[in-house]
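K.L.:
pasting the sequence and the predicted model now:
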There are 2 protein chains.
Amino acid sequence: MIVRLAKNSGFCFGVKRAIRIAEDESKKRGEKLVTIGPIIHNPQVVKRLEELDIYSVDNIDEIEKTPAIIRSHGISKESMKALLDKKVDIVDATCPYVAKLLSTGAKLSEEGYFIVVFGTKEHPEVVALTSYLSKDFIVVDSVEELAGLKAKRIALISQTTQTFSTFKKLVEKILDTTFELHIVNTICNATTIRQNSTKNLAQKSDLMIIVGGKMSSNTKMLAKISQEFAETHHIETKNELKIEWFADKKKIGISAGASTPDDLIIEVYNNIINISGSEKIVNSIDDIPVFKEETR
Amino acid sequence: MIVRLAKNSGFCFGVKRAIRIAEDESKKRGEKLVTIGPIIHNPQVVKRLEELDIYSVDNIDEIEKTPAIIRSHGISKESMKALLDKKVDIVDATCPYVAKLLSTGAKLSEEGYFIVVFGTKEHPEVVALTSYLSKDFIVVDSVEELAGLKAKRIALISQTTQTFSTFKKLVEKILDTTFELHIVNTICNATTIRQNSTKNLAQKSDLMIIVGGKMSSNTKMLAKISQEFAETHHIETKNELKIEWFADKKKIGISAGASTPDDLIIEVYNNIINISGSEKIVNSIDDIPVFKEETR
C-alpha cells in the first residue's frame, strides 16, 4: 500500500512558510519572539507557537525589545516605521506573493496611476497595501462599487485571495471608461491550485481521505472533486478512520483544506500507516511522501 | 427655416485635418507637393488636390526634391528615415490619434512588454506602428489568433479604427494567461461619435437629410438612427432632393457618412438653402452652420 499526500494541501504556501520561519527563528535564537497579529487563526498552531515562546501582539506599542516577526499578510508602511523606530530585530515572513503585491502597488502609484484595489478594506493585507499608495486609490470588492469611477490612467491590482472571475468583471467595467488600464494579476490562486492537486492525486488513487472541518466549504469542495475519481471519505480527525475502508486498497491519497493544520494531517497519515501494518510513522509534514504532479 | 450640419459628419477628424493641412501648405508654398500614399481613396478629393498641384506617390524613391506630406495614417520608421535622408521638406499630417498610437507602441515596446496589436497587418497605420516595435509583437484581428500566446508582461494596443467589443474580448482572453496586462485603448470611436452627433441633431430637427452612398453601411446606419427621431431621407447627391419634403418644415438637419466628401455636403446644403428661398449659399464646409451639441 502506498500513501501519498496531495502536493498543495492544508495551509497555503505563504502561511506554511511564515510558520516555518517563526519556528526556525525560535530555534536559532532561543528567546521569546512576537508576531504582529496572529500567524493564523487556528488554536493548534497558536498553541504550538506559544510552546516555542512565540506570542502574537496586536499593537506595535506592546513590543519593547522582543524580536518581531512580520506574518504572511505583511504590515503597513507606518507599522514598519514604528518597528524600525523601536530598533527591534525584524524577521520578515511576508508571503512573497503579498510582498510582490505591495511593491507592485507602490510602483504603480508612483507612476501616477489611479489605483483600483480589488479586496476587502479591513483585511490586513489590504491595509498594508494601501499604506504604500498615494491618495489616488479606491478599494472595491464588487463591480457596483466602481460606479462613478473616472480616471484616465488606472491600474488594477488585487488582494491575493480574491476570485479571478470577479477580477475579470472589474476589468471589463473599467475598460468602458478609461483610456489606459494597467492590470497586474496579483491573485494567488491557492484554492484552484489546491483543488487541482487533489484532483490529480484522486485520479491516481483507489481511496482518498480528505482532512478538514465538516463545515469548511473549501474542504467539502475538495471531497466533492475527489469523489469523482476515487472512493472518498471526508474526516475531521484520525479517530474517524475505519479499517474496513482500506481493505483491498493499494493507493491511498490524502488531501486537506486550507484551514487544516499539519498536525492533524500527520496524525491521519500515521494512523493509515498503522492500519497498513507499517511502522514508518513521521514526525513532520515534510516526511510524508507527496504525490509528484506532472508539470503543466 | 434653419439648416444645420451634424457636428461630426463626413470624413473623420484625422482625414479632414490632413486634407486641410495639404491645402494650406499648397497655398502657403505655391509649389508642387506630394503625399506618401493617397490622403483618401476618393476621386473628388484626389482631383481637387491635383488641381492644387498635390500628387500621391506610392514610393519614397519617386520623390526628388518635392516637399512631402505624411497623410493621416502616419508612416513607418524606415520611410521616415528615407525621407530624412532625401532632405526634402516634411509636412506631418499624421492624425493625432495615430501619432499617439505610434508613440504609445514605441514606449511600451521599450518598456519590455510583448505587444499585442489589434489590427489588420497590411493596413498602413499598422505597418507604421509595428515599425516602431521591437520583434516581440503580434498583430491579431480576432480572439482566435491569440492561441498559443505566452508572455508574462503583455501590452495591448489597437489600430484606431477597430471595434471596441472585439478589443474587450481580446482583453478577456489575454487575462487568462498573463500576469501583467497593460492596456491602452487607442481606438478612435469616430463611428460612434458620428452616430451620436446624428442622433443629437435628429432629436432637434423636423427633417433629416443623410448624404452618402446607398450601399455605404455606415451611412445607412446613420439614416436608421435618424429616422427614429425625425422624418429622414437618405440621398447620394443633391439631385435627389424633393421640394415637397420641405413643406412646413422648420428645422432641417444634414449628416453624412464617413466616405462622403465635403463637396457633396456643400452642394446638398446650398440646394436646401435655395429651396428655402434664401440665397446665402456657401463655398466651404466651414461656412455651414453646425448644430452645437451639449458637451457630455
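P.N.:
Arrived safely, thanks for sending. Residues are numbered from 1 along each chain as shown, chains lettered A, B, ... in the order given.

K.L.:
centre of the chain to stretch A:73-85, how far?
P.N.:
Distance, stretch centre to chain centre, for stretch A:73-85: 21 Å (CA atoms, centre = their mean, to the nearest Å).

K.L.:
chain neighbours aside, what residue packs nearest to the residue sitting furthest away from the middle of chain A?
P.N.:
Here chain A reaches farthest from its C-alpha mean at A:D248, the gap being 35.6 Å by CA atoms, centre = their mean. In space, and not counting its chain neighbours, A:D248 is closest to A:D206: 8.0 Å by CB to CB, 6 or more residues apart in numbering or on different chains. C-betas here are computed from N, CA, C, even on glycine.

K.L.:
look up phi and psi at that neighbour.
P.N.:
Phi and psi for A:D206, reported as degrees, to the nearest 10, are phi -90, psi -30.

K.L.:
look up how far chain B lies from it.
P.N.:
34 Å (CB to the nearest CB, to the nearest Å).

K.L.:
cool, A:K16 as well?
P.N.:
Counting by CB to the nearest CB - A:K16 and chain B are separated by 23 Å.

K.L.:
CA atoms of the host helix or strand of that residue as CSV?
P.N.:
Element membership for A:K16, per DSSP states H and E: helix A:13-29. Below are the C-alpha coordinates for helix A:13-29, written out as CSV (Å, rounded to 0.1, in the frame of the first residue of the first chain):
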residue,chain,number,x,y,z
PHE,A,13,2.3,28.3,0.8
GLY,A,14,2.6,31.7,2.4
VAL,A,15,1.2,30.6,5.8
LYS,A,16,3.2,27.4,5.9
ARG,A,17,6.3,29.4,5.1
ALA,A,18,5.6,32.0,7.8
ILE,A,19,5.1,29.3,10.4
ARG,A,20,8.3,27.6,9.4
ILE,A,21,10.2,30.9,9.5
ALA,A,22,8.8,31.6,13.0
GLU,A,23,9.8,28.1,14.2
ASP,A,24,13.3,28.3,12.7
GLU,A,25,13.9,31.7,14.2
SER,A,26,12.8,30.5,17.6
LYS,A,27,15.2,27.5,17.5
LYS,A,28,18.0,29.7,16.2
ARG,A,29,17.6,32.5,18.7
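
K.L.:
touching it from outside, list them.
P.N.:
Contact with helix A:13-29 is made by A:10-11, A:33, A:35, A:39-40, A:45, A:49, A:52-54, A:67, A:69, A:71-72, A:91, A:93, A:95-98, A:160, A:188, A:190, A:262, as judged by CB atoms under 8 Å, 6 or more residues apart in numbering or on different chains.

K.L.:
so which of these belong to helices?
P.N.:
Members of the contacts of helix A:13-29 lying in helices (criterion: DSSP state H): A:45, A:49, A:96-98, A:190, A:262.

K.L.:
and the residue nearest to A:S158 when sequence neighbours are not counted, what is it in contact with?
P.N.:
Using CB to CB, 6+ apart and skipping residues adjacent in sequence, the residue nearest A:S158 is A:F118, 4.0 Å away. The neighbourhood of A:F118, defined by CB under 8 Å, 6+ apart, consists of A:140-141, A:156-159, A:162, A:166-167, A:170.

K.L.:
show the pLDDT at A:F118.
P.N.:
A:F118 is assigned 96 on the pLDDT scale.

K.L.:
bridging residues for it?
P.N.:
Counting by DSSP bridges, A:F118 forms beta bridges with A:V140, A:S158.

K.L.:
got the buried residues for whichever strand or helix holds A:A223?
P.N.:
In the assignment (DSSP H and E), A:A223 maps to helix A:217-226. Judged by neighbour count using 16 or more other CB atoms under 10 Å in any protein chain shown, the buried positions of helix A:217-226 are A:218-223, A:225-226.

K.L.:
A:I272 and chain B, how far apart?
P.N.:
Distance, A:I272 to chain B, by CB to the nearest CB: 38 Å.

K.L.:
tell me the contacts of that residue?
P.N.:
A:3, A:209, A:241, A:246, A:252, A:254 are the contacts of A:I272 under CB under 8 Å, 6+ apart.

K.L.:
many thanks, I have nothing further to ask.
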